[in-house]
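this one's structure only:
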């Protein structure tokens, strides 16, 4: 069972004061980067894992998604999300990601923002997401970057010469990390980048983009305090695509003028769709 | 032009004293992990970028590779490699990786150990390697991990409580890093993991394995001083496969009993070969 820290009154109240809670997507510094990873949503079936207040769900709906399903473990967050969608265009459901179930091949895009690092075992939910995506379907997510999460005592250190450093330890020791962020005893799960990426590959995703988010020059100019985000990455953004759909085809192929009969099981790469 | 620090007499001499120089592959702590990424080499055409003393080239030849080509920018290293292969089973060639040229689709496996971080611009050499691989061919390489390379002042810091940390800064500021390792002014090029992985994807490699190397429990038991390698990763190991070979095929496909004629350009995923 996931910790469900968002239903902790102190956490919920403090989270509500964050810029991204007040302003929504535009209050999240990594959103411009995340947005470029999201495909055209018109007519798409979209699921969000850890939808929170529902900012992304409403945006997806506004982009023309055919159907949007928002999932979260927190009743308080879902109540806020539903209140912000009086017309009921979005479907919200309370789900503990660790026991996630979704219908097979029923979504085109799965999205998750800063939620998967609360999950102890990603294998099961990501396998469920893979099966729930149509062939060629996209998974786009962000998590806290392992460099940010790993340390026993996370936090900046300032050297005598004024240089800011982020002291890493225990990077290769995966497992729970407890921090006092917004409330005491918030539990997150540290995995190396390699572990997360290899899990996706093993499940049958092709990696399309891996971004260790850093602010742009423009963002730093607008908000000089963001410069420290260049010293160590805070967020990891990943875009992947469901591949390895097994086509049971017997086909005769004409290559170089000669007819060849090929009996084969073909692992169909979702990318091929674009070349047709 | 690459710096060619290996031909610096001081560097060359000191490098020769390292365990991996004296003992070869078995003297490199990450070799057991690298080895699992290398496919069966029997009958394979193998190229190594930055072959050094030729330890891997000789191993590949011993594994039954049909042809092994070792490339390095250092004359001194190549002289040693050639001296260690009196029968001339391996072809060695002096090449600056920045102006690398290789014949098209002429290799099954490209390998590189701790060499690519000396190259300022990886785009050109990796594109050349992609073209030089047969469809489905493998690229396996290690580089110094960006966490290891990024800091302005790399090195351990020990806290009052005895905790060892690795203070990171400038992680998102890519470019040259000068260190005094074995000789003064050794020039390496820091790139984030995301930058390296996205470059591979863009060129047309499918990522198969991403490993931020750490010692196993067994290695730490055998050599307790290796425990510090769990605090921050020193090496990044990557296995990728050449995909996206465009097949110009017209084929008739039999699916679910019905015959369909499909005219298509198919992006052929190298994985499909295994499913035949």
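All right, it came through fine. Since the model is a prediction, treat every value here as computed from it, not as a measurement.

Any idea which helix or strand in chain A has the lowest mean pLDDT?
One helix or strand of chain A scores below all others by mean pLDDT, DSSP states H and E: helix A:272-275, with a mean of 32.

from what I can see residue A:154 touches residue A:145, true?
No: between residue A:154 and residue A:145 there is no contact under C-beta atoms under 8 Å: 11.1 Å. Any C-beta I mention is one placed from the backbone N, CA and C, and that applies to glycine too.

Low-confidence bits of chain A, can you list those?
A:244-276 (pLDDT under 70).

Name the residues of the stretch 1-150 of chain A found near chain B, please.
residue A:147 (C-beta under 8 Å from any C-beta of the partner chain).

how about the strands in the stretch 101-250 of chain A?
Using DSSP state E, counting those that start in this stretch, the strands assigned to the stretch 101-250 of chain A run over residues A:107-113, A:133-144, A:157-158, A:164-168, A:175-181, A:183-190, A:205-212, A:235-242, A:245-255.

Out of these, which is closest to residue A:10?
strand A:183-190 (4.4 Å; C-beta to C-beta).

Name every strand pairing with the closest one and say which way it goes.
Next to strand A:183-190 in the sheet, as set by DSSP bridges, lie strand A:175-181 (antiparallel).

List the contacts of the strand it pairs with.
A:120, A:149, A:150, A:154, A:185, A:186, A:187, A:188, A:189, A:190 (C-beta atoms under 8 Å, 6 or more residues apart in numbering or on different chains).

returning to that earlier point: will you turn the strands of the stretch 101-250 of chain A into a markdown table that also has distance to residue A:47?
As requested, the strands of the stretch 101-250 of chain A are arranged in a markdown table below (distance: least, C-beta to C-beta, whole Å):
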| stretch | distance to residue A:47 |
| --- | --- |
| strand A:107-113 | 5 |
| strand A:133-144 | 9 |
| strand A:157-158 | 40 |
| strand A:164-168 | 34 |
| strand A:175-181 | 27 |
| strand A:183-190 | 21 |
| strand A:205-212 | 15 |
| strand A:235-242 | 13 |
| strand A:245-255 | 19 |
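
Compile those into CSV and extend it with columns for mean neighbour count and distance to residue B:43.
CSV is the format used below for the strands of the stretch 101-250 of chain A (neighbours: other C-beta atoms under 10 Å in any protein chain shown; distance: least, C-beta to C-beta, whole Å):
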stretch, mean neighbour count, distance to residue B:43
strand A:107-113, 24, 42
strand A:133-144, 23, 34
strand A:157-158, 12, 54
strand A:164-168, 22, 43
strand A:175-181, 13, 43
strand A:183-190, 16, 42
strand A:205-212, 22, 28
strand A:235-242, 24, 33
strand A:245-255, 15, 24
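
gap between the closest residue to residue A:138 other than its chain neighbours and residue A:202?
In space, and not counting its chain neighbours, residue A:138 is closest to residue A:109: 5.0 Å by C-beta to C-beta, 6 or more residues apart in numbering or on different chains. Applying C-beta to C-beta, to the nearest Å, the value for residue A:109 to residue A:202 is 21 Å.

Likewise for residue A:212?
22 Å.

ditto for residue A:190
Going from residue A:190 to residue A:202 by C-beta to C-beta gives 19 Å.

ditto for residue A:54
Per C-beta to C-beta, residue A:54 is found 32 Å from residue A:202.

quick one: which of these two has more around it?
Per other C-beta atoms under 10 Å in any protein chain shown, whichever of residue A:54 and residue A:202 has more neighbours is residue A:54, with 25 against 13.

Once you drop chain neighbours, what's closest to that one?
Nearest to residue A:54 is residue A:81, by C-beta to C-beta, 6+ apart, at 3.2 Å.

show me where the stretch 1-150 of chain A has helices.
Counting by DSSP state H, counting those that start in this stretch, one finds helices in the stretch 1-150 of chain A at the ranges A:9-15, A:19-23, A:31-37, A:55-62, A:75-83, A:123-132, A:146-149.

Could you single out the most deeply buried of those?
helix A:146-149 (a mean of 23; mean count of other C-beta atoms under 10 Å in any protein chain shown).

Identify the residues contacting it?
A:117, A:154, A:166, A:168, A:171, A:177, A:188, A:190-193, A:196, A:212, A:232-236, B:147, B:168, B:171.

got the contact list for stretch A:90-98?
Looking at what lies outside stretch A:90-98 - C-beta under 8 Å, 6+ apart - the contacts are A:1-2, A:4, A:49-51, A:54, A:57-58, A:61, A:67-73, A:75, A:78, A:81-82, A:85, A:115-116, A:118-121, A:124-125.

do stretch A:155-168 as well
So stretch A:155-168 is contacted by A:147-148, A:150-151, A:153-154, A:228, A:231-232, B:147, B:151-153, B:157, B:165-169, B:231-232 (C-beta under 8 Å, 6+ apart).

try 10 Å this time
In this structure, residues lying in contact with stretch A:155-168 by C-beta atoms under 10 Å, 6 or more residues apart in numbering or on different chains are A:146-148, A:150-154, A:179, A:227-228, A:230-234, B:147, B:151-153, B:156-157, B:159, B:163-171, B:231-233.

Give me the distance from that stretch to the chain's centre.
Remark: stretch A:155-168 is offset 29 Å from the chain centroid, using C-alpha atoms, centre = their mean, to the nearest Å.

same deal with stretch A:227-238?
15 Å.
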